[in-house]
Every structure is written in structure tokens, then in C-alpha cells.
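> no sequence on this one, just coordinates:
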DNA sequence: TTTTTTTACGCAATCGTTCCCGGTAACGTT
DNA sequence: AACGTTACCGGGAACGATTGCGTAAAAAAA
């Protein structure tokens, strides 16, 4: 089954010209007479000629496609980011090839090999929770593959990066909980080695410290699969609930973790926010429809995708090797809803 | 900036062989001596040779990539479908190139042209709400491009299709509402011309008829952008509320419409399900965490993606033109939660 | 020993496109 | 008249890989 396309040869033959002339006419070269150009252009239009991108790729040694690896696309933050990536890429004539690591280092590596062997011109990636070994990325950058990291980045590799101010996001969220009367604030964090985990944890701790609340390692839980597996969130919440001095609030570190915590708390009939407040990073637009409506830190996902792609295209299209890299840090947004506001406080506020 | 790869020529030169010999050795041809094979294979391994897929594509006149067009990926149903598509595609060495129509016919066409000009081997698509003109698809199938439709399909084009039993899904949902005591059941449907709209509407009407409830055109609302624009959902709900004999339940026809209706109802402080019940097609896994937990018809999205891709690969890899097409119809699942069960009934049931 | 067969490899065309070289008119300069 | 310009166009070699065909040497058969 296929789907024969018109080539430059067909035009040449039909018009009694050489392929070189046709090619030049189509590219509007000065050495082709206006009449010939017109002839070629009109005929090409008529038979619906489109240059074969594969032949072009071979000739120009570039595929005009970029690879994207995220842990999963069925996740609001990432699907919104991909929207941003796509919009810029398509406007510049690039394909986007998407792959999912599903939080597995092995799959990430497989995808990486698959994409590079399919000769992508560049890569945009947010690491999997399992990724601790960056040697493959180092090798790729050394071999000259343009890479832009976003969200879950890696310090050791010198290239463009796009993130939000995770520290501030976490700091704000935690401060918000504190100022709403919560004191024993636990956190359900992502895998320990992730950049976002470290930064968000630092923000959380700093907020506690600034409010003279002792920070307490026993209130920190890590989810090594980033909440992909609900049972690990359940374990985390359960173990928090077993502490003698139970926490009265949870700060969750990612989309999946935030909704995961809510799911577990509800299944255990623990009232949010009265028994346990909940704040987390999340980008779904269903947050306000949840029971209770969730207070979240929202990331400008679409914009992050746009910026990452713009940076990547700069790298790809740069004539000489780029050595001056930047890390764009965007602001996140704290959206306060009911999951972090005690009902008695609300009553007080109304009075 | 690029990223030079090892070619077959490099191997040939290094080993003092011709490229043909190297090629054959790599493909394990019988006309190459075991020693030479070993030599080539080991050297290729050593310098990390990978065949250039672009050169192969040019030679074999296939790109080993398939295009996917959906209205948007930040939508649970579609992102789950894409997961299914990806899993099959990658296992078979195919790339997946994703494009979004955002419910616009114009964008759909643009994407279509972009993808075909990038020589995809096949296409999987769910139509935009605006699409009423199928001539372009007809032309593509006639020119031999393998296409598989899913979800929003089109009758007039003879090819493989994958859907759920929309009639039964809608019938079950409506019947469920009726048996729970609702009588004036409105529906907020998708764009009128969509296959899913027609089928779901038919199921809805059949359920009413079977329960001897007069079907009433004034209780039907269409959203031409499939709920992409919240205001159209708002208009639909508002106009339903203005009817003298207000409906007591809404059956919503898609993910975005279902959550959109809930959003509007809540903003108007209309209690669900007591003042107004709500049931709809939806695939988010947040449904049970909503207020109230939503009764939904869930589609086996991942499986749909898998099946669509399997069918597409069959078409692509078939030696002779396929003329025998099938439409796979999968079962949907009605998941009953609180948005469709009156509280008094619940109390009664408990008693 | 001669002929035939087998083995093992190279040449060159091919896929669609671009682009470096040439080449040939026509025209203008001296 | 001889030469230089300019305008216009074609030949053919890439890009990386596969593959039909041809063929030398070695092995087998006569």
C-alpha cells in the first residue's frame, strides 16, 4: 500500500527540463528565467508537487523533527507543556515525536535510543523519577545533540533548562498552610534525587524555619514512582497517620501525588481540610470541582513548553556551537481554595 | 550544530571493503563469508553504528512513522488513547507524530497536509467537531494512504474504524437516570454532525422511548466546539434552566461537556444531584473525587488506541490493497456514583 | 588438466533533492 | 574581430543505504 508522490523528476520530464533547473526554479534561483520559473511553478502547483522531506533530510542531514520525553502524557502538566512545545515546533516546520518513560529509567533509555536513532534534531526532556545516571545524556550532548531540560532537570549537564521557581512555590504553599493555622505540616515528595524534589523540599523547609517551626524529617515521605503507583501514596499517607503526633496538613509535591493523597484521605474518611489540610503542585483544571476544592501551586506549563522549544530551536539552528546556556525560571502561582482553609477560620473570616 | 553519525562507508573504508559487502554483512547475507561478517559486525558494534533511518526511508519509500490527529491531548480520553497507540507503534518500530486540531476544521486540514507532506505511512484520527467535509480524507484514501478512524468516525469513508457502542452507552446512562426517578432528562450534546453525537443521541432517545417518556427536542442542546469553549456549555445549561418545566437531569455527551456542566451547575449553586442530576461520557480518573462524584460512561480508551494501531499497521504492511474493512465496536462501562442518585433515594435504599 | 560450480566480493543504479561545475548562447566592449 | 559578461540551463556527484548483476578466485567435478 502506498501512495506515490510527485517528484521533481516528473516535472522535469513533463516540461523537458533538467531536474537541476526545476529544483532551482522551485527555489526561486536567480539563474532561472522568469518564464521558466513561471512554467515550473504553475505545473508544480497543478500536479500538487511537494518536496519529499525525507530526501531533504538526507541531503541536509537534519530531520526537522524534535523528540520529547516525559513520564506520561495523560498528566495535565505534561500535556499542557506538550501543547506549548507543539505550537512553537509546528510554526517552525518541525515535527514533534513524543515518548513516555512512565517513570522508568529503562524505558527512558530505550526511548532515548529510539529517538536518536531516528535522527531527531534535538530533544526536550523531563527526567523520570528513577533517573540517577546521566552519562547517556552527557554523551549525547558531547556528540552534539541539542537538549533542553524542563521541570525535572539535571545540574551536571550544561545546556538550556526551563523550570518554575520550585523553591518559592513550595515556600509559598507551606507559608500559606502555616498562616492558616497548621503547624504539623508533612510533605509527600517525589523521588529523592529529582531536582524538583530537592528544590521543593528546600522551599518547604525554609518556610518552616522562617516561621520557627522545627523541621522534622519524620514528616517527610518520598514516593519513588512519583505517585504513578497509588499504593506508594497510600503507604506514605498511612505511615504519616501512624505518627503519635499526627500531622495536620500535607504538602504534596506533584500532580499525581496531590490527587493521590486526596484519594487516599477520602477513602479513609479523613476530612479535608479539618482533620488534614492538603496543598500540592497540580495543573488539572478540575481542581476547583474536587471535594474539597484543592489549593494548588500551578505551573505555567504551556509557556514552559513554548520557551523550551524556542530555546531548542535556537540550539538546532545555531551556526556555531553554543556555549552560553541559560536556565529560565518562571513563576508559579498559588491558587487558594478550600483544602487548606479550616472551616472555623473561614467562619471567623466571614464574621 | 550536529551530531555526526557513523555510516556504512566509514566501516567500509576502515575495513578495506566495499559498502555493499558491509551492508550485506550487517544484514547477514549468505554471500558473505563468516569471517568477514564477524569482522564487520564487531567493528560496527565497536564504533556504535546504527543504520540511518532517513536513508532507509528514502530507499524503501516509507517513513516508519504514523500520524495521529485528535482535538487535544490534554483530555483524558485522548491521552489514554494515545498511550495505546504509542505502545503498539513503538513495539513495531514506528514513530508516532501527534497533532491537535483543537476542534477546528482548518487546523485539522493544516495538520493533515503537514503530516502527509512529511510522508507518514498511515494516519489515525478522531475528527474535529467542525468537520463536515470529508473530501480530503476521501482523496487521501484513494491515493492509498492507510487511515483508521476512531471515536469520531465517518460513515462515508470505507476503512477500519474503532468506536465504543455509543448507542448502548447513552442508552444505559439514560435508563439509569430514569430508573433513579428522573423524568425530564436533558442532554448537552456535542456538535450535531459528529458520529458520536448522532449515536449517543439515538441511545438517549431510545431509552426515553422504551420507558414511555416523550422525547422532547427542547431538551437537547448542541455545543459546536465540544465544550472547548466553556461559554457555550454555559449557554446550553442556562437555556435549559430557563425552560418552564425545568429538566431534572442532564446527560452530557463528552468529557469536556460533562465536567463543563458540573462547573456551570456548581457556579450557579445548583445542587447535584438533587436539583439536577448529571451523567456523562468521561474518562478522567478524577471523577470519583469530584463534588459530587460523577456517574460516568467510561470508554476503554487505551484499548481503542491499541486496536486502531494494530489495524493501521495491518493496512500499512499489507502487500496488496485491502478492501475488506471492519468497524470494531467496544463496550463502554457505566460507573454509577452520586451525581445521578437522589439523596432521598439513597436514604431509602439504606433503610 | 580442463571445465564447471561455488564462494565472496565489488560496481553501479536507485530513492528525491540540492548544488558545484561546466557549457552555450547573446550581447556589449574595446 | 576578439574577448569579457551575463543570463540561463544541464550534467553529475553527493546524502546513506540496499540490491541486481557481474566476476575473480577457489573449489569441485569432469
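Cool, the structure landed. This structure is a prediction, so every number in the text was calculated from the model and none was measured.

> Please make it C-alpha for all contacts and neighbour counts, starting now.
Noted.

> now residue A:224, nearest residue through space, not along the chain?
Nearest non-adjacent residue to residue A:224, counting by Cα to Cα, 6 or more residues apart in numbering or on different chains: residue A:191, 4.3 Å away.

> and what of residue A:254?
residue A:281 (4.7 Å).

> Surely residue A:102 is in contact with residue A:72?
Yes: in this structure residue A:102 lies within contact range of residue A:72 using Cα atoms under 8 Å: 5.6 Å.

> picking that back up, could you check how far the residue nearest to residue A:254 is from residue A:82?
Look at residue A:281 and residue A:82: by Cα to Cα, to the nearest Å, they are 18 Å apart.

> Just give the nearest non-adjacent residue to the residue in the stretch 251-351 of chain A that chain B sits nearest to, would you?
For the stretch 251-351 of chain A, the residue closest to chain B is residue A:290, as judged by Cα to the nearest Cα, at 4.0 Å. Closest residue to residue A:290 apart from its sequence neighbours, by Cα to Cα, 6+ apart: residue B:290 at 4.0 Å.

> Residue A:7: what's it in contact with?
Contacts for residue A:7 (Cα atoms under 8 Å, 6 or more residues apart in numbering or on different chains) come out as A:49, A:50, A:51, A:52.

> quick one, phi/psi of it?
phi -120, psi 170 (degrees, to the nearest 10).

> same deal with residue A:119?
For residue A:119, the backbone dihedrals (degrees, to the nearest 10) come out as phi 40, psi 70.

> Tell me how many other residues surround it.
For residue A:119, the tally of surrounding residues (other Cα atoms under 10 Å in any protein chain shown) stands at 23.

> distance of it from DNA strand D?
Separation of residue A:119 from DNA strand D (Cα to the nearest atom of the strand, to the nearest Å): 11 Å.

> do the same with residue A:295
As judged by Cα to the nearest atom of the strand, residue A:295 and DNA strand D stand 53 Å apart.

> For beta bridges, what are the partners of that residue?
Using DSSP bridges, the bridge partners assigned to residue A:295 are residue A:279.

> OK, contacts around it?
A:278, A:279, A:280, A:287, A:334, A:335, A:336, A:337, A:338, A:339, A:340.

> Tell me the buried residues in the helix or strand hosting residue A:303?
Element membership for residue A:303 (DSSP states H and E) is helix A:301-317. For helix A:301-317, burial by neighbour count (16 or more other Cα atoms under 10 Å in any protein chain shown) applies to A:301-313, A:315-316.

> where do the helices sit along chain A?
A:8-15, A:19-26, A:34-46, A:53-60, A:76-91, A:105-117, A:135-142, A:166-179, A:195-210, A:230-241, A:255-267, A:301-317, A:343-350 (DSSP state H).

> okay, and for chain A, where does confidence drop off?
A:1-4, A:344-351 (pLDDT under 70).

> hmm, back to that, against which helices or strands is the helix holding residue A:303 packed?
Helices and strands touching helix A:301-317, by 3 or more Cα pairs under 8 Å, 6 or more residues apart in numbering or on different chains; DSSP states H and E, are helix A:76-91, strand A:122-125, strand A:147-150, strand A:160-164.

> could I get those as CSV with distance to chain B and mean neighbour count?
Conversion of the helices and strands packed on helix A:301-317 to CSV gives the following (distance: least, Cα to the nearest Cα, whole Å; neighbours: other Cα atoms under 10 Å in any protein chain shown):
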stretch, distance to chain B, mean neighbour count
helix A:76-91, 5, 22
strand A:122-125, 9, 26
strand A:147-150, 11, 26
strand A:160-164, 15, 24
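
> and residue A:200, which of those is closest to it?
strand A:160-164 (10.5 Å; Cα to Cα).

> And the contacts of that closest one?
Contacts for strand A:160-164 (Cα under 8 Å, 6+ apart): A:147-153, A:299-300, A:304, A:307-308, A:311-312, A:325-332.

> Buried members of the contacts of residue A:295 into ChimeraX, please.
To isolate the buried members of the contacts of residue A:295 in ChimeraX, using 16+ other Cα under 10 Å:
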select /A:278,279,280,287,334,336,338,339,340
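
> Which member of the contacts of residue A:295 is positioned nearest residue A:165?
residue A:334 (11.8 Å).

> Show me the beta-bridge partners of the closest one.
residue A:297.

> Verify the stated contact: it with residue A:173.
Yes: judged on Cα under 8 Å, residue A:334 makes contact with residue A:173 at a distance of 6.8 Å.

> Need the overlap of contacts for the two.
With Cα under 8 Å, 6+ apart, residue A:334 and residue A:173 have common neighbours A:296, A:297.

> measure the closest residue to residue A:205 other than its chain neighbours to residue A:239 for me?
In space, and not counting its chain neighbours, residue A:205 is closest to residue A:215: 6.3 Å by Cα to Cα, 6+ apart. Counting by Cα to Cα, the gap from residue A:215 to residue A:239 is 18 Å.
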